[in-house]
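In: here is my input; please provide its structure:
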Amino acid sequence: MTLSVVHVPLGDRSYDVRIGSGLIDAAGAEIAPILNRPKVFIVTESQVADLHLEALIAGLSASGIEADVLTLPPGESTKSWQYLTQTTEWLLEKKAERRDVVIAFGGGVIGDLVGFAAAIMRRGISFVQIPTSLLAQVDSSVGGKTAINSPFGKNLIGAFHQPRLVLADIDVLGTLTKRDFLAGYGEVQKYGLLGDATFFEWLEANGPAMAQGDKALRQEAVTRSVQMKADIVARDETEQGDRALLNLGHTFCHALEAATDYSDRLLHGEGVSIGCALAFELSYRLGLVSQEEPSRVREHLARMGTKKNLSDIPGDLPDAEALVALMGQDKKVIDGKLRFILARGIGDAFVTADVPMDAVKSLLEDALKL
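Out: Okay, the predicted model is just below:
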């Protein structure tokens with residue numbers, strides 16, 4: 001397979017997302033051109049370290065680059081003040097300089113945390129994303145959103161800080177559990193639903209084979225997803241308009257994640273899949289789409305074997321009123337009004353604050369009964 005390259009055009013902060021096999025082994029050659037000195041600082045988590053850290057260090061060493069490594073615990077709870085403090089103080093202790101490069105080596109949690117640490121370290125140092133999950137490769141590693149969570153909600157404390165380079169090695173996807181891969185797929189199918197009906201049709205045809213391990217299909221899906229995100233980020237870097245479309249399904253998802261205490265009862269991408277199904281059902285109830293559209297979304301998620309209903313989340317959930325209250329902490333609240341991403345059809349999403357909350361509550365009440 002040849003390497004795919006997606007350019008994110010942001011003036012003097014532009015960068016490339018390089019997608020293909022063997023990029024971890026070639027990391028030294030890929031990163032060397034942006035280094036000020038032959039040294040990097042890697043922040044990772046223990047599960048990724050066990051699987052891939054040796055290969056990354058060897059890849060860097062092959063180009064004469066030495067590395068200091070900080071290994072954190074895995075899981076959403078790592079996106080917290082505690083580990084942000086640990087990361088920044090470790091970088092200071094290791095004498096990371098303003099012109100140095102930090103590598104975020106892991107999934108979305110590590111990418112978000114390390115990106116934020118890089119944003120505030122010495123008022124901003126460079127970082128490289130090497131995303132090791134499907135979700136991080138297609139979504140969180142691209143676009144410069146960095147953050148930690150708060151008891152008040154997810155990703156509420158953060159900064160926009162673009163990486164210098166993203167290396168998405170398709171080979172690492174083969175080490176994901178089925179559940180983690182499908183969670184990442186929640187973000188992939190979102191791209192088709194929000195802005196590219198042809199891509200969604202491609203996923204309907206190729207999604208199952210991709211989940212089974214077809215590398216060429218995986219590279220194609222990651223590349224098309226990243227290209228869509230890059231196009232949107234180039235138009236609206238700090239989410240004043242179009243970029244909010246990338247939050248399709250997320251208003252519901254973030255409330256569900258808060259309701260499950262950010263635990264492994266519900267992975268982020270699973271929440272996105274459920275949230276997309278709910279967004280299309282809400283769009284149908286508001287007369288925006290035909291009944292076939294939400295049915296098609298749920299059928300595809302069912303074929304992929306991922307979560308699609310509230311009943312797929314183990315354990316008890318709060319009632320509809322409590323879920324609506326959790327939505328109120330979402331970052332998409334403006335002037336006290338919650339913005340939803342709804343659809344006029346598959347591939348045609350839009351942002352609106354004109355949603356009757358009674359309709360949302362009724363939808364959730366019905367969804368909780370399923």
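In: is Arg18 part of a helix or strand, or is it coil?
Out: Secondary structure assignment for Arg18 (DSSP: H, G, I helix; E, B strand; the rest coil): strand.
In: residues near it, how many?
Out: Using other C-beta atoms under 10 Å, Arg18 has 17 neighbouring residues. C-betas here are computed from N, CA, C, even on glycine.
In: distance check, it against Gln137.
Out: 11 Å (C-beta to C-beta, to the nearest Å).
In: hey, what's in contact with both of those two?
Out: Common contact partners of Arg18 and Gln137 (C-beta atoms under 8 Å, 6 or more residues apart in numbering): Ala168.
In: what are the ranges of the helices in this protein?
Out: 27-31, 46-48, 54-61, 81-93, 108-120, 134-135, 178-195, 197-212, 215-235, 250-259, 268-285, 292-304, 320-327, 357-369 (DSSP state H).
In: how about the third one: buried residues?
Out: When neighbours are counted by 16 or more other C-beta atoms under 10 Å, the buried residues of helix 54-61 are found to be Ala55, Leu56, Ile57, Gly59, Leu60.
In: can you pull the contacts of the fourth one?
Out: Right, the one you point to is Gly59. Neighbouring residues of Gly59 by C-beta under 8 Å, 6+ apart: Ile24, Asp25, Ala26, Ala27, Gly28.
In: in TSV: those, plus pLDDT and neighbour count.
Out: Shown next, in TSV, are those (pLDDT from 0 to 100; neighbours: other C-beta atoms under 10 Å):
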residue	pLDDT	neighbour count
Ile24	98	23
Asp25	97	16
Ala26	97	18
Ala27	97	30
Gly28	97	21
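In: from those, which is closest to Glu89?
Out: Ala27 (25.6 Å; C-beta to C-beta).
In: surely that closest one and Ser61 touch.
Out: No: judged on C-beta atoms under 8 Å, Ala27 makes no contact with Ser61 at a distance of 9.8 Å.
In: separation between the residue with the largest distance to the centre of the chain and Glu30?
Out: Computed with C-alpha atoms, centre = their mean, the residue of the chain farthest from its C-alpha average is Gly64, at 31.7 Å. Going from Gly64 to Glu30 by C-beta to C-beta gives 14 Å.
In: which residue is the nearest non-sequential neighbour of Asp180?
Out: Ser133 (6.1 Å; C-beta to C-beta, 6 or more residues apart in numbering).
In: can I assume that neighbour is in contact with Thr177?
Out: No: the pair Ser133 and Thr177 fails to qualify as a contact (C-beta under 8 Å) at a distance of 10.2 Å.
In: ok, those two, which is more surrounded?
Out: Ser133 (29 against 8).
In: sorry, back to before: the residue farthest from the centre of the chain contacts Gly28, correct?
Out: Yes: Gly64 is within contact range of Gly28, at 7.4 Å (criterion: C-beta under 8 Å).
In: who touches Ala58 in this structure?
Out: Asp25.
In: and Ser225, by the same measure?
Out: Val138, Asp139, Glu187, Val188, Tyr191.
In: what's the nearest residue to it if we skip its chain neighbours?
Out: Ser225 sits nearest to Val138 (C-beta to C-beta, 6+ apart), 3.8 Å away.
In: that neighbour and Leu246, how far apart?
Out: Counting by C-beta to C-beta, the gap from Val138 to Leu246 is 11 Å.
In: which residues are common contacts for these two?
Out: Joint contacts of Val138 and Leu246 (C-beta under 8 Å, 6+ apart) are Lys229.
In: neighbour count winner among these two?
Out: Using other C-beta under 10 Å, the more surrounded residue of Val138 and Leu246 is Val138, with 29 against 24.
In: surely that one meets Glu220?
Out: No: applying C-beta under 8 Å as the test, Val138 and Glu220 come out as separate, 11.6 Å apart.
In: low-scoring pLDDT stretches of the stretch 1-150 of the chain, where are they?
Out: Residue ranges of the stretch 1-150 of the chain with pLDDT under 70: 1.
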